[in-house]
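Colleague: quick one: sequence plus predicted model below, questions after.
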Amino acid sequence: MIRSINPATGEVIETFEPLAENEIESRLNLAAETFIDYRRTSLAERAMKLLRAAEILEAERERFGRLMTTEMGKLFKAAVEEAQKCAWACRFYAENGERFLADEEVKTNATRSFIRYRPLGPILAIMPWNFPFWQVFRFAAPALMAGNVALLKHASCVPQCALAIEDLFRRAGFPEGVFQTLLIESSQVERVLRDRRVVAATLTGSDAAGASVASIAGREIKKTVLELGGSDPFIVMPSADLDEAVSVAVRARTINNGQSCIAAKRFIVHERIYDEFERRFVAAMERLKVGDPLDPATDVGPLATRDQLETVAAQVERAISAGARLLTGGHRLAGPGFFYAPTVLADIPEDAPARREEVFGPVAMLFRARDADEAIRLANETDFGLGSSAWTRDEREQERFIEELEAGLVFINGMVASDPRLPFGGVKRSGYGRELGAFGIREFVNIKTVWIR
Ligand code: NDP
């Protein structure tokens, strides 16, 4: 059963039966048939439809925002901004797609040789609930611009968002079958992924889900892009503007109620400023107002599901029993919703699992570093490598962090964020492949070599 539950109240909003085998079959057929015509449409035609999708997103951003907030608990203001950001991605690919996919001439012994980018076919997108619109659009805008068709298997807790996105693409004028939502459970993914009509897959989510999907796709020799978790470091050196670093640190940890793959999770602070940072950071975390995500005065809403709440609570308890020092929080809030107090842990022992896992909630871990060498060592000690942020005005230190942090993104004196103009993705267990920018639109294309005598 696929359930839409309001995490601020625990109340079930709506339930859906997962698709039956014959329904999956007819959607796969439609995707394959639609692709035959859709791949022949011009880039200009696809761009027009993406621009129309952007207009719908903007005109109805409050409606979409409310849907996201009631289904997964993000702050309403952030949800409205998310719809707006999806419009940005649609416009970005509408305006730049043709340039990214233009033929590229290469001089060889041929009269003419060049590279042409052609679409691949129906792509399966397995997406998470944390940014229920953005995660889908940053895949779909470039994929549809390139001439592919999309099948969305969204997280089971956001079925209404999934259906709203399908409806949005239809209203934007994309032919029936260019973007379809499959309301299926994760146990049904293998059957879809193995199907000959599905040619590739992209997954954003946990490393466990990524490993499972990639191994199935590997056996079928199908391309995958994986955007998995992160445990991003946030390094603060003595030359940093401490006021700004502290306020961005709090925002970077609690964005989306602490549930973002690129949220800063481990704060690595130079010993000369550590005590001051700890004092100010804990005070700022304690000032955050936790509550109703629809209330504009709220800073932190509920976790998205009861499971997420249980997982985060257990991770904190394990860290404390392993010897970590609890500076604030460390408990759930009373009441029906899935609320967890903003939490700060310090002195986390080397063998505590939280040091290596992704903690998907408003829980910060503080570390003290003697110098840049130790900061880099601590930053690189996890198996993840998605984002990283370093705060220093010293240019030599900046260069070292840019060179040596094992991450797909390095932000100096700023908060890690995705931007349609820049590639986004990770290394190590954070996955492979890139979304966004020119790299993103070239993930799901046939890079066709053409040689003419
Ligand atoms: P999952 O990785 O389990 O879910 C993400 C998506 O993958 C969902 O659509 C889910 O479907 C699907 N899925 C899960 N397992 C499989 C599988 N074996 N085969 C195919 N599809 C699968 O994330 P959770 O929601 O369970 O969260 C667990 C943890 O994952 C979080 O605590 C966080 O650490 C991390 N996470 C990271 C995200 C990121 O942005 N990088 C986003 C979300 C989670 P279904 O919902 O039906 O299970």
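Modeller: Alright, I've got the coordinates.
Colleague: on the three-state scheme, the nearest residue to residue 126 once chain neighbours are set aside is what?
Modeller: In space, residue 126 comes closest to residue 203 once its chain neighbours are excluded; the distance is 4.2 Å by CB to CB, 6 or more residues apart in numbering. Where C-beta positions appear, they are placed from N, C-alpha and C, glycine not excepted. What DSSP: H, G, I helix; E, B strand; the rest coil gives for residue 203 is strand.
Colleague: gap between residue 203 and residue 154?
Modeller: Separation of residue 203 from residue 154 (CB to CB, to the nearest Å): 12 Å.
Colleague: and for the two, which residues touch both?
Modeller: residue 127 (CB atoms under 8 Å, 6 or more residues apart in numbering).
Colleague: residue 227 is in contact with the residue nearest to residue 126, correct?
Modeller: Yes - the pair residue 203 / residue 227 is scored as a contact, 7.3 Å apart, by CB atoms under 8 Å.
Colleague: what residues does the stretch 251-400 of the chain have near the ligand?
Modeller: Residues of the stretch 251-400 of the chain lying close to the ligand by CB under 6 Å from any ligand atom are 261, 308, 311, 358, 360.
Colleague: now with 5 Å, please.
Modeller: Proximity of the stretch 251-400 of the chain to the ligand, by CB under 5 Å from any ligand atom, involves residues 261, 358, 360.
Colleague: neighbour-wise, which of the residues you listed leads?
Modeller: Neighbours here mean other CB atoms under 10 Å. Within those, the largest count is held by residue 261, at 30 neighbours.
Colleague: give me the element that residue is part of.
Modeller: Using DSSP states H and E, no element contains residue 261; it sits outside every helix and strand.
Colleague: isn't it up against residue 229?
Modeller: Yes - with contact defined as CB under 8 Å, residue 261 reaches residue 229; the gap is 5.6 Å.
Colleague: list residues touching both of the two?
Modeller: In contact with both residue 261 and residue 229: 358, 386, 430, using CB under 8 Å, 6+ apart.
Colleague: quick one on the thing from earlier: of all the residues of the stretch 251-400 of the chain next to the ligand, which comes closest to residue 377?
Modeller: Distance to residue 377 across these (CB to CB) is lowest for residue 358, with 19.6 Å.
Colleague: give the contact list for the closest one.
Modeller: Taking CB under 8 Å, 6+ apart, one finds 206, 229, 230, 231, 261, 265, 384 in contact with residue 358.
Colleague: quick check, it in a strand?
Modeller: No - the assignment for residue 358 (three-state DSSP) gives coil, which keeps it out of a strand.
Colleague: what's around residue 395, how many residues?
Modeller: 10.
Colleague: with residue 118 instead?
Modeller: By other CB under 10 Å, 13 other residues sit near residue 118.
Colleague: report pLDDT for it.
Modeller: The score at residue 118 is 98. That number is its pLDDT.
Colleague: can you check the one 3 residues further on too?
Modeller: As predicted, residue 121 sits at a pLDDT of 98.
Colleague: tell me the secondary structure at residue 418.
Modeller: Applying three-state DSSP: residue 418 is coil.
Colleague: from now on call the first residue 732
Modeller: In the new numbering, first residue 732, that becomes residue 1149.
Colleague: excluding chain neighbours, what is closest to it?
Modeller: Looking at residue 1149 with CB to CB, 6+ apart, the closest residue is residue 1155, at 4.8 Å.
Colleague: residues contacting that neighbour?
Modeller: Shown in contact with residue 1155 (CB under 8 Å, 6+ apart): 869, 958, 1139, 1140, 1149, 1165, 1166, 1167, 1168, 1171.
Colleague: distance of it relative to residue 796?
Modeller: As judged by CB to CB, residue 1155 and residue 796 stand 22 Å apart.
Colleague: relative to the host helix or strand of residue 956, what are the paired strands and their orientations?
Modeller: Here residue 956 sits within strand 954-958, counting by DSSP H and E. Using DSSP bridges, strand 954-958 pairs in its sheet with strand 931-935 (parallel), strand 1162-1163 (antiparallel).
Colleague: centre of the chain to the last one, how far?
Modeller: Averaging C-alpha positions (CA atoms, centre = their mean, to the nearest Å) puts strand 1162-1163 12 Å from its chain's average.
Colleague: helices along this protein, start to end?
Modeller: 752-769, 774-790, 792-803, 807-831, 865-876, 890-902, 920-925, 938-950, 973-985, 1002-1018, 1037-1052, 1103-1110, 1126-1135, 1168-1172 (DSSP state H).
Colleague: now do the first one: which elements does it pack against?
Modeller: Which is helix 752-769. Here helix 752-769 touches strand 853-857, strand 880-884, strand 910-912, helix 920-925, going by 3 or more CB pairs under 8 Å, 6 or more residues apart in numbering; DSSP states H and E.
Colleague: 6 Å instead, please
Modeller: On a contact count with 3 or more CB pairs under 6 Å, 6 or more residues apart in numbering; DSSP states H and E, helix 752-769 meets strand 880-884.
Colleague: can you list contacts of the strand it packs on?
Modeller: Applying CB atoms under 6 Å, 6 or more residues apart in numbering, the contact partners of strand 880-884 are 762, 765-766, 769, 853-857, 871, 874, 893, 909-913, 915, 920.
Colleague: low-scoring stretches of the stretch 982-1131 of the chain, by residue?
Modeller: Residues of the stretch 982-1131 of the chain meeting the criterion pLDDT under 70: none.
Colleague: report the contact partners of the nearest residue to residue 1168 once chain neighbours are set aside.
Modeller: Spatial nearest neighbour of residue 1168, excluding adjacent residues (CB to CB, 6+ apart): residue 1154 at 4.2 Å. Counting by CB under 6 Å, 6+ apart, residue 1154 touches 1165, 1167, 1168, 1170.
Colleague: nearest residue to the last one in space, please, no chain neighbours.
Modeller: When the adjacent residues along the chain are set aside, residue 1170 lies closest to residue 1154, with 4.3 Å between them (CB to CB, 6+ apart).
Colleague: state the distance from the one you found to the ligand.
Modeller: In this view, residue 1154 and the ligand are 16 Å apart by CB to the nearest ligand atom, to the nearest Å.
Colleague: show me which residues of the stretch 832-981 of the chain are close to the ligand?
Modeller: Looking at the ligand, the residues of the stretch 832-981 of the chain close enough under CB under 5 Å from any ligand atom are 857, 859, 861, 886, 887, 917, 920, 936, 937, 940, 943, 960.
Colleague: wait, residue 1062 sits on residue 1072?
Modeller: Yes - if you go by CB atoms under 6 Å, residue 1062 and residue 1072 touch, sitting 5.5 Å apart.
Colleague: doesn't residue 942 make contact with the residue nearest to residue 857?
Modeller: No - judged on CB under 6 Å, residue 934 makes no contact with residue 942 at a distance of 9.8 Å.
Colleague: so between the two, which is more surrounded?
Modeller: Neighbours were counted for residue 934 and for residue 942 using other CB under 10 Å; residue 934 has more, 27 against 14.
Colleague: ok, residue 1013 - contacts?
Modeller: Contacts of residue 1013 (CB under 6 Å, 6+ apart): 1058, 1059, 1075.
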